[in-house]
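Asker: Need a 3D model of the following:
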Amino acid sequence: MSKWTSKIADVLKLRKLTPAQVIIFGFLAVIFVGGLLLMLPFSSDKGTFTSPATAFFTATSATCVTGLVLVDTAEYWSSFGKGIILLLIQIGGLGIMSMAMMFSMLLGRRVSPKERVVFVQSMNLFSGEKMFKFIKNMLAMTFAFEGIGTVLLAFKFIPLFGFRDGIIKSLFHAVSAFCNAGFDIMGSFSGEFSSLSHFADDLYVNIVIGVLIVCGGLGFIVWYDIYKKIRERKRMSPYTKLVLGISGVLILTGTVVFLLAEWDNPGTVGDFSAGKKLLRSLFMSITCRTAGFSTIPIDSLKDVSKVFSMILMFIGGSSGSTAGGIKTVTIGVVLIAVFQIARGNKDINIRRRRIDNTIVSRAFALMVIAGVVVMASSFILSLTEKGYAFRDLAFEAFSAFGTVGLSTGITPFISGAGQILIMALMFFGRIGIITITYAIMMGLNADKQSIRYPKTNVLLG
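Answerer: Numbers count the residues shown, from 1 in each chain. This is a model prediction of the structure:
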């Protein structure tokens, strides 16, 4: 670090920031720069300045890989604007520290111990062992998935849109799908805010996009573990097995619930054959947990489907992935703990392995904190947004927190106060409850002495 850089860092007190605070300010910096760039005239298709509200809302949604938008991406933004959005999606999907570590490796710069801690925390890793090897494999897997997805989509999109536009659409949607962002540029083809509705019955597009979403939502830790099993013939960790098992159950359960709930609903799948109903329900189950693409009108879903969608959005994807939510393993640990505690077990065991009580306590705390934040936000939205059903406002809040991006169509009409709240929820959902609570609690308790008080008994039930 140069002399002047060191002085600037000292002035800004960057060296005194905790790892969690570095991550938070890193994301805020990216959002701020992205918002400024999107405000410029050459970012909009009409060549006019974009209002700060629209620009920063879009930048927040892209960096937090959510997909909620105030304006149609294809119709409003120019090629430059779409490029900025795609770059923000990629940075947000990989994570700020991942990008920083990548440039450090390219420049041959030494990474400090604190930066290692920041990276480990930003990715929710278990330790910093073999960090550079993990980063290289993570980047290789990311670009491989996105590259293969682009090529596969190109076979469909080039004949439909022409070579140049077909390649652009293939790349944009491959990156958006793998990063679980939900941004689309189909508005100029199938109508504003139409997402992938034109391809609702296209098995090929549904499979390619769906696989990319699932792969991105599993997390780099899981894929690294699978890679080691294939390459080095090592056993998969209990964590990876748990992620794969829970993810599979959620996708299957979601498909069945949506299929049964919407079977006779003409606004969604009711007027189609059994095969098309199954395809639409499967895609809804996959995209609902984190991706934000839609092939059916969300506002036409039955109430039971909307409520179940909120549950899936609240759970989200897996740790270290591009997804939001409280994460699959968190809900898995909570449910297993509830079941085993109800049976009178003192230890929480999964696959002949004991989970530390601190992890169980953290899982319960995460779920409660997240639930309180989302429900409180839903109530606040009901006060700021008049004329909308509470379930639609709650759907918007769950979608923002889970960084999903699905909407019943009210996002563009939300007031300024509502937009700020939605942006805060997207940011909170992407950075992670662990990171934000760590930054707050470490600051509050930095100078406090740890005291253990005598225990007491309270009555439950």
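
Asker: can you give me the mean pLDDT across the longest helix anywhere in the chain?
Answerer: Counting residues, the longest helix in the chain under DSSP state H turns out to be helix 131-161. Helix 131-161 comes out with an average pLDDT of 89.

Asker: which residues touch V360?
Answerer: By C-beta atoms under 8 Å, 6 or more residues apart in numbering, the contact set of V360 is V333, A337, I348. In short, each C-beta sits where N, CA and C put it, glycine included.

Asker: Quick check, the last one in contact with L335.
Answerer: No: in this structure, I348 is not within contact of L335 by C-beta atoms under 8 Å, at 10.8 Å.

Asker: Compare these two and say which is more crowded by neighbours.
Answerer: I348 (20 against 12; other C-beta atoms under 10 Å).

Asker: in which helix or strand would I find F189?
Answerer: If you go by DSSP states H and E, F189 is part of helix 187-190.

Asker: Show me the strands in this protein, by range?
Answerer: 348-350, 353-355 (DSSP state E).

Asker: Most tightly packed of those?
Answerer: strand 348-350 (a mean of 16; mean count of other C-beta atoms under 10 Å).

Asker: roughly how far is it from the heart of the chain?
Answerer: Distance of strand 348-350 from the chain centroid (C-alpha atoms, centre = their mean, to the nearest Å) equals 28 Å.

Asker: low-confidence ranges in the protein?
Answerer: Where the chain drops to pLDDT under 70, the residues are 1-20, 96-132, 433-452, 457, 459-461.

Asker: middle-most residue in it, spatially?
Answerer: A323 (2.9 Å; C-alpha atoms, centre = their mean).

Asker: quick one, phi psi at that one?
Answerer: Note on A323: backbone dihedrals following degrees, to the nearest 10 are phi -90, psi 160.

Asker: Tally up the residues packed near R343, please.
Answerer: Residues lying near R343 (other C-beta under 10 Å) number 7.

Asker: My error: substitute S300 in the last question.
Answerer: Neighbours around S300, by other C-beta under 10 Å: 16.

Asker: what's the answer for S237, then?
Answerer: Here the number of neighbours of S237 (other C-beta under 10 Å) works out to 16.

Asker: didn't it look like it was pressed against K228?
Answerer: No: S237 is not in contact with K228 according to C-beta under 8 Å; the separation is 9.4 Å.

Asker: Can you name the residues that contact N357?
Answerer: I348.

Asker: how about a cut-off of 10 Å?
Answerer: A337, K346, D347, I348 (C-beta atoms under 10 Å, 6 or more residues apart in numbering).

Asker: tell me the two of these that are most distant?
Answerer: By the measure C-beta to C-beta, A337 and K346 form the most distant pair in these, at 11.5 Å.

Asker: So for these two, which sits in the more crowded spot?
Answerer: A337 (20 against 7).

Asker: so that one touches A363, yeah?
Answerer: Yes: if you go by C-beta atoms under 10 Å, A337 and A363 touch, sitting 7.2 Å apart.

Asker: tell me which residues of stretch 296-306 are tucked away?
Answerer: Counting neighbours by 16 or more other C-beta atoms under 10 Å, one finds that the buried residues in stretch 296-306 are I296, I298, S300, L301, S305, K306.

Asker: between these, which is nearest G182?
Answerer: Closest to G182, out of all of the buried residues of stretch 296-306 and judged by C-beta to C-beta, is I298, at 11.7 Å.

Asker: so what's in contact with I348 and L335 at the same time?
Answerer: Going by C-beta under 10 Å, 6+ apart, residues that sit against I348 and also against L335 are A363.

Asker: okay if I get the buried residues of stretch 296-306 as a markdown table plus distance to T142?
Answerer: Listed next are the buried residues of stretch 296-306 as a markdown table, based on distance: C-beta to C-beta, whole Å:
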| residue | distance to T142 |
| --- | --- |
| I296 | 29 |
| I298 | 28 |
| S300 | 35 |
| L301 | 32 |
| S305 | 32 |
| K306 | 32 |
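
Asker: Skipping adjacent residues, who's closest to G81 in space?
Answerer: S43 (3.7 Å; C-beta to C-beta, 6 or more residues apart in numbering).

Asker: What residues does the one you found make contact with?
Answerer: 34, 36-37, 49-50, 55, 58, 76-85.

Asker: possible to save the strands of the chain as JSON lines with distance to S382?
Answerer: Shown next, in JSON lines, are these (distance: least, C-beta to C-beta, whole Å):
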{"stretch": "strand 348-350", "distance to S382": "37"}
{"stretch": "strand 353-355", "distance to S382": "38"}
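
Asker: quick revisit: just give me how far the longest helix of the chain sits from the chain centre.
Answerer: That offset, for helix 131-161, works out to 18 Å (C-alpha atoms, centre = their mean).

Asker: So for that helix, what gets flagged as buried?
Answerer: Buried residues in helix 131-161, counted by 16+ other C-beta under 10 Å: 131, 134-135, 137-139, 141-142, 145-146, 148-150, 152-154, 156-158, 161.

Asker: Which neighbouring elements make contact with that helix?
Answerer: Packing contacts for helix 131-161, counted by 3 or more C-beta pairs under 10 Å, 6 or more residues apart in numbering; DSSP states H and E, involve helix 79-94, helix 96-107, helix 113-122, helix 163-178, helix 187-190, helix 203-218, helix 220-232.

Asker: mind running it again at 6 Å?
Answerer: helix 163-178, helix 203-218, helix 220-232 (3 or more C-beta pairs under 6 Å, 6 or more residues apart in numbering; DSSP states H and E).

Asker: Nearest to A397, out of the ones you listed?
Answerer: helix 203-218 (20.5 Å).

Asker: Of all the residues in that closest one, which ones are buried?
Answerer: So, applying 16+ other C-beta under 10 Å, buried residues of helix 203-218: 205-206, 208-218.

Asker: Mind listing residues that contact that helix?
Answerer: 145, 149, 152-153, 156, 177-180, 199, 279, 283, 286, 290-291, 317-318, 321-323 (C-beta atoms under 6 Å, 6 or more residues apart in numbering).

Asker: gap between that helix and the chain center?
Answerer: Relative to its parent chain, helix 203-218 has a centroid offset of 15 Å by C-alpha atoms, centre = their mean.

Asker: tell me the angle of that helix relative to helix 79-94?
Answerer: 50 degrees (axes from the mean of the first three to the mean of the last three C-alpha atoms, to 10 degrees).

Asker: Just give the closest residue to T287, not the sequence neighbours.
Answerer: T287 sits nearest to F293 (C-beta to C-beta, 6+ apart), 4.9 Å away.

Asker: can you tell me which residues contact the one you found?
Answerer: F293 sits in contact with G182, S195, L196, T287, where contact means C-beta under 6 Å, 6+ apart.

Asker: So which of those is the closest to R233?
Answerer: Looking across the contacts of F293 and measuring by C-beta to C-beta, the closest to R233 is T287, at 34.2 Å.

Asker: How many residues are close by the closest one?
Answerer: T287: 31 neighbours (other C-beta under 10 Å).
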